[in-house]
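Novice: quick one: sequence and predicted model below, then my questions.
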Amino acid sequence: MVSADNLNLDVLELIFAFLSGNDLASVASVSRSFLAGVIPRLYQTISYRMRHGKGYGEGQTMSPFASILAHRHLAVHVRNIELRTVPTIKSQCHPAFVRECAEAIRICKNLKLFKCTVPNVLPTFLPSLKEKSHLEDLTVHANLTSDQAKMLLKLGNLQSLTVNFATWNVVDVLPSWTESLSGTLTSLTLYVMLVFFFTKRHALIRLQMISELNEGVLKSVLTHLPGLTGLHIVGCTKVDHVVVLHLASHTPLLESLSLTTSESTRELIFPPSPLRHLRNLAVDTRCSATPSPSPAILIAILAYLKFSSSVLLSFTMRLPERKAVVDETFITRLLENHAHSLRRLSFLDCGVSQKSITEICKACLHLERLDVAIPSKDLMMFASNLSKSTSLKTLMEVDRHVEHGVRQSIGRIDAHYMFSKCLSLRKIITNQRIWNVRVLLVSYLFLHLPYLLQCQRPAKDLIYVDFERRRSHTYGSLWFIPRE
C-alpha cells in the first residue's frame, strides 16, 4: 500500500517544489521522509535580507551561512545565494558574518547563482567564487581595485552577468573578461544609478554619475559576444541610445535591449542594425532641457527599430522628470508599429493620459499586462477605458509623481469596480496587495440563469474579489529586465 511516507524521494522533491517559505518548514516537521524530501528545496536558495540581519550583532540571530558551516553536508543542496545586506558593527561590515559567508560560499560546490549588491564586500568573496565551475549567473557591486578586478578573469562559464557601479579598474578588464566568456555568456547588464554626495565644505548635495564605460570599450566587449540575447546598458553617461543601437550590429541575436537616452543632437546611424529577434525594449530617459526632447528622441528610436524588422512583445519606459506625462504622439506611433504584437506595456515614474489608455486598450488585441499609474481621482473613467480591452489579464499600479497630496490606495470597492468593467481582468497588483477576482461557478449561473435574467442582475454582482498580501520585490530585480 502506497502512503505519503513511503513515496519515492524524487516524487516528494517534485511535490515540494511547489512550496516555499514557511510552508516548507511546516512540511519538514511532519515526518523524517518529508524532511528528507524538503531539505534540497529548503536549502536551494539562501537569501539574506535586511530583516534577517536584525539582532545578529547582539547574538540574537544566527545567519544561514553559520547553519551551513555547522551542517556541512547541506552545502551540496545550495544552488543560489542572494546577499542583499551585511550586518554592521561600528559602521563596518561585521567581520564574523563576512567570514561565515565566505567560508559557506567556498564549500557550496554546486553554486549556480550569486548576487551581492552590498558595497565593499565582494573582494572577500572572490577567492571562494573562482572555484565554482557551475556558476552561471553573477550579479555584483563591482567597486574593486586593479588587483581585485583581475580576479574576475578567473570566473568563467557565466551565462548571465550583471555589474553595478563598476570602477574604471573593472571597466579596464571587461573586454578580456567577456572574451573568455564568449562561448557561454548570453546576457550582459551594466547598470549605474544616481548617487548623492554631501560635501561639508559647501554644505551642498551634489548629484553625480559614476561611469567609465565608453563607446570604444563597449565595442571591444560586444565584438566578443555575437551570441548575446540580452543587453542592458543603463545609466552609463558616455554610452547613450545612439551608441548602443549602433553597436547592436555586433549582436544580431538580441531578444532584450535596455538603453538610456540623452540630450545628444546626434542622429541615429542608418541603415539600422538588423534586430529581427528583438522582443523586449526598455528605455530610460534622462534629460534636463526645457522643453524636454524626450518625445522626439523616443519617436526617432521607434522609427529606427521599424527599419530593423523588430517585433516587440513588451515595452518599458521610464520618465524621471517630475510631473511628466507620456506624449500622446509617441503612444500613437508606438501603437502604429507594434500594437499587433505587444503583450506587456510599462510606464514607470510618469503618467499616461486617459486618451492614450483608450487607444492602448483598443489597439493592442493581445495585451496581457499593463503597468501604469492608476488615477485615483478619475478611477471611473480609467476603468471605463480599460473595458475597451478584451485581453488584459493583469493591471499593476506603479509609483507616480504626477499627483499631489496623500496617495490613496486601491481598496476592495475600487478593485471590484475595475473588475466589473474590464471582464478579462483577473489580477490587480498594488503596492502592498494583489487583488484577485473569482467568477461565480458555472453551475450556479446555470441553475439561477432564469432568475438572473429576470432580475437583470448586473455583472458586478456575479464576481467575488479577494486579496493576498504582496510579497517583497524579487531581490536584485531591475525595472528594465523583462519578466515572465
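Specialist: Perfect, I can see it now.

Novice: switch to C-alpha atoms for all contacts and neighbour counts from now on
Specialist: Will do.

Novice: quick one: residues in contact with the helix or strand residue 396 falls within.
Specialist: In this structure, residue 396 sits in strand 394-397 according to DSSP states H and E. Residues from elsewhere that reach strand 394-397, judged by Cα atoms under 8 Å, 6 or more residues apart in numbering: 368-374, 425-431.

Novice: in this protein, where is pLDDT below threshold?
Specialist: Along the chain, segments meeting pLDDT under 70 span 1-6, 193-211, 265, 287-293, 321-323, 400-407, 439-462, 471-476, 484.

Novice: that older thread, check which element follows the strand holding residue 396 along the chain.
Specialist: Using DSSP H and E, the helix or strand that directly follows strand 394-397 along the chain is helix 412-421.

Novice: can you pull out the strands in the stretch 201-350 of the chain?
Specialist: 204-208, 230-234, 256-261, 280-285, 314-318, 344-348 (DSSP state E, counting those that start in this stretch).

Novice: same for the second one, what does it pack against?
Specialist: In this case it means strand 230-234. strand 187-191, strand 256-261 (3 or more Cα pairs under 8 Å, 6 or more residues apart in numbering; DSSP states H and E).

Novice: now do the last one
Specialist: Counting contacts by 3+ Cα pairs under 8 Å, 6+ apart, strand 344-348 is packed against strand 314-318, strand 369-372.

Novice: so how far is the shortest one off the chain centroid?
Specialist: Relative to the chain's own centre, strand 369-372 is displaced by 14 Å; criterion: Cα atoms, centre = their mean, to the nearest Å.

Novice: after it comes which helix or strand?
Specialist: That would be, after strand 369-372 and using DSSP H and E, helix 379-386.

Novice: buried residues in that next one?
Specialist: Using 16 or more other Cα atoms under 10 Å as the burial criterion, the residues of helix 379-386 that qualify are 382, 383, 384, 385, 386.

Novice: then stretch 118-129?
Specialist: Across stretch 118-129, burial judged by 16+ other Cα under 10 Å covers 118, 119, 121, 122, 123, 125, 126, 127, 128, 129.

Novice: then stretch 301-318?
Specialist: Neighbour-count burial for stretch 301-318 [16+ other Cα under 10 Å]: 301-305, 308, 310-318.

Novice: show me which pair in the residues you listed is furthest apart.
Specialist: Farthest apart among those by Cα to Cα are 308 and 318. That separation is 22.8 Å.

Novice: from memory residue 269 sits against residue 246, does it?
Specialist: Yes - counting by Cα atoms under 8 Å, residue 246 is a contact partner of residue 269 at 6.5 Å.

Novice: of the two, who's got more company?
Specialist: Counted by other Cα atoms under 10 Å, residue 269 and residue 246 do not tie: residue 246 has more neighbours, with 17 against 12.

Novice: measure the more buried one to residue 483 for me?
Specialist: Residue 246 sits 26 Å away from residue 483, going by Cα to Cα, to the nearest Å.

Novice: contact partners for residue 229?
Specialist: Residue 229 is in contact with 186, 187, 251, 253, 254, 255, 256, counting by Cα under 8 Å, 6+ apart.

Novice: let's see that with 10 Å instead.
Specialist: When contacts are counted by Cα atoms under 10 Å, 6 or more residues apart in numbering, residue 229 touches 185-188, 251-257, 277-278.

Novice: is it possible to export these to TSV including distance to residue 91 and neighbour count?
Specialist: Putting those into TSV (distance: Cα to Cα, whole Å; neighbours: other Cα atoms under 10 Å) gives the following:
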residue	distance to residue 91	neighbour count
185	37	25
186	38	20
187	35	22
188	33	22
251	44	21
252	47	17
253	46	19
254	43	24
255	43	21
256	39	22
257	38	26
277	48	17
278	45	23
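
Novice: hang on, the earlier thing: now distance to residue 18 too, for the helices and strands packed on strand 344-348, in TSV please.
Specialist: Output for those, formatted as TSV (distance: least, Cα to Cα, whole Å):
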stretch	distance to residue 18
strand 314-318	28
strand 369-372	24
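
Novice: determine which of those strands approaches residue 111 most closely.
Specialist: Distance to residue 111, taken as Cα to Cα, is lowest for strand 314-318 among the helices and strands packed on strand 344-348, at 31.4 Å.

Novice: what's the angle from that closest one to strand 344-348?
Specialist: Put simply, strand 314-318 runs at 0 degrees to strand 344-348, going by axes from the mean of the first three to the mean of the last three Cα atoms, to 10 degrees.

Novice: any idea which of the strands of the stretch 201-350 of the chain is most buried?
Specialist: The highest average neighbour count among the strands of the stretch 201-350 of the chain, using mean count of other Cα atoms under 10 Å, belongs to strand 256-261 at a mean of 24.

Novice: distance between it and the chain's centre?
Specialist: On Cα atoms, centre = their mean, the centre of strand 256-261 falls 14 Å from that of its chain.

Novice: what is it packed up against?
Specialist: strand 187-191, strand 230-234, helix 241-247, strand 280-285, helix 294-307, strand 314-318 (3 or more Cα pairs under 10 Å, 6 or more residues apart in numbering; DSSP states H and E).
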